[in-house]
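Participant: What shape does this take:
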Amino acid sequence: MPIYEYRCEACDHELEAIQKMSDPALSECPECKQDTLKKIISAAAFRLKGGGWYETDFKSGGKKNIHDSGAGEGKSAGKEKKASSCGGGSCGCHSSAAGNRAISFLRRYLVAGLLVWLPLGATFLVINLLVGWMDNSLLLLPEAYRPDNLFGFHIPGLGVLLSLLILLLTGLVAANLFGRKVVSMWERLLARIPLVRSVYSAVKQMVETMFADKGRSFRKVILVEFPRRGLWTLAFLTSEESGAVQQATGRDVVNVYVPTTPNPTGGYFVLVPKEDIRALDMSVDDGLKMLLSMGAVNPADADGLAESEVKP
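Facilitator: Model (predicted):
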């Protein structure tokens, strides 16, 4: 390719540029940024590729291998040599690109593996903790009848079966007339102990509210404006009977639990006017998933508002 020489008429800056014969002449000076660049010598030299890049200077008649000597005049000559080096893979660009591809490959499949094993590992740890806790119920059996002594080795999960059996038998006993009398006597005994009375009655009332067939606690996911107007947050309707609170406020208010995320066991209990809440067409399980994931998991059926008011 021919090498042309240019001189700026404004600042006398000189440069050489490698151009095709069909390329237009340069006009803007890279130093003063004015369109005063003039071509003074056409084809002052040629650069040819043959066992390397060779430059033939017509002014001096010399010939040199610029690939081996590293020489090259002007900015365009340096760019041409850099392109030649990159083509040969000696500048490190190819190794850098290969390294980036390797890192991207590892990141992609490591994250994919993490998405598989992390939920499995968390599920295994939780189940293992619960099974280990329920296996402690085997200590209620006489030592000679414990499975570890009968079989000679530990069988995990037998405590779960024993716990379910104890719950089933307790329910059968408490559901008949004799069992209800026994439970009533037991509760009257606990009611005589000051601290135990408060804890037992509160826990019993909460469990009855949550698990009773007619209970409506935590059965509906709602939206409330919290902590200020214009900001909506996910909450659970706990009760629609506020009694004295409704009489004091003179408004129809409902009890609402606003959980925190990602730990929904902590939160705020607020009394909200019924007209200020919006019921969602979403199950409690989906609402808890959305809270635990900090909004990353959005249920497919959670985009529709049911009604602007909660119906009893």
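
Participant: Can you list the low-confidence ranges for this structure?
Facilitator: 1, 41-95, 209-218, 242, 300-312 (pLDDT under 70).

Participant: Would you map the strands across it?
Facilitator: Secondary structure of the chain (DSSP state E): strands located at 2-8, 14-18, 37-49, 53-57, 63-65, 221-225, 232-239, 253-259, 267-273, 278-280, 305-307.

Participant: How about the contacts made by residue 289?
Facilitator: 297, 299 (CB atoms under 8 Å, 6 or more residues apart in numbering). (Each C-beta comes from the backbone N, C-alpha and C, glycine too.)

Participant: Against residue 40, how distant is it?
Facilitator: 76 Å (CB to CB, to the nearest Å).

Participant: Now do the contacts for residue 233.
Facilitator: 223-227, 258.

Participant: for the residues you listed, which one is nearest residue 29?
Facilitator: Set against residue 29, the nearest of these by CB to CB is residue 227 (63.0 Å).

Participant: Now tabulate the contacts of residue 233 in CSV and tack on neighbour count and distance to residue 17.
Facilitator: Formatted as CSV, the contacts of residue 233 follow (neighbours: other CB atoms under 10 Å; distance: CB to CB, whole Å):
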residue, neighbour count, distance to residue 17
223, 17, 67
224, 19, 70
225, 14, 68
226, 16, 68
227, 10, 66
258, 18, 70
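
Participant: could those go into CSV alongside distance to residue 163?
Facilitator: Output for those, formatted as CSV (distance: CB to CB, whole Å):
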residue, distance to residue 163
223, 38
224, 38
225, 43
226, 39
227, 41
258, 33
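
Participant: Return the member of those nearest to residue 15.
Facilitator: Nearest to residue 15 among these, with distances taken as CB to CB, is residue 227, at 66.2 Å.

Participant: Without its sequence neighbours, what residue ends up closest to that closest one?
Facilitator: Closest residue in space to residue 227, ignoring its immediate chain neighbours: residue 233 at 7.9 Å, by CB to CB, 6 or more residues apart in numbering.

Participant: The contacts of residue 233: which two are farthest apart?
Facilitator: The farthest-apart pair in the contacts of residue 233, when distances are taken by CB to CB, is 223 and 227, at 13.6 Å.

Participant: Tell me if I'm right that residue 292 and residue 261 touch.
Facilitator: Yes - using CB atoms under 8 Å, residue 292 is in contact with residue 261, at 7.1 Å.

Participant: ok, residue 266 - contacts?
Facilitator: Applying CB under 8 Å, 6+ apart, the residues contacting residue 266 are 259-260.

Participant: which helix in the protein runs the most residues?
Facilitator: In the chain, assigned by DSSP state H, the helix with the most residues is helix 93-134.

Participant: could you say what helices and strands it packs with?
Facilitator: Judged by 3 or more CB pairs under 8 Å, 6 or more residues apart in numbering; DSSP states H and E, helix 93-134 is in contact with helix 158-175.

Participant: mind listing what's buried in the helix it packs on?
Facilitator: By neighbour count on 16 or more other CB atoms under 10 Å, the buried set for helix 158-175 is 158-160, 162-163.

Participant: need these in a markdown table with distance to residue 129, can you?
Facilitator: Converted to a markdown table, the buried residues of helix 158-175 look like this (distance: CB to CB, whole Å):
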| residue | distance to residue 129 |
| --- | --- |
| 158 | 16 |
| 159 | 12 |
| 160 | 12 |
| 162 | 17 |
| 163 | 14 |
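
Participant: Residue 125: which of these is nearest?
Facilitator: residue 160 (16.3 Å).

Participant: got the contact list for the closest residue to that closest one other than its chain neighbours?
Facilitator: The shortest distance from residue 160 to any non-neighbouring residue, by CB to CB, 6+ apart, is to residue 134 (4.7 Å). Counting by CB under 8 Å, 6+ apart, residue 134 makes contact with 159-160, 162-163.

Participant: and if we set it to 6 Å?
Facilitator: Going by CB atoms under 6 Å, 6 or more residues apart in numbering, residue 134 touches 159-160, 163.

Participant: now do residue 35
Facilitator: 27-28.

Participant: run the last query once more with 10 Å
Facilitator: Residue 35 makes contact with 8-10, 26-29, according to CB atoms under 10 Å, 6 or more residues apart in numbering.
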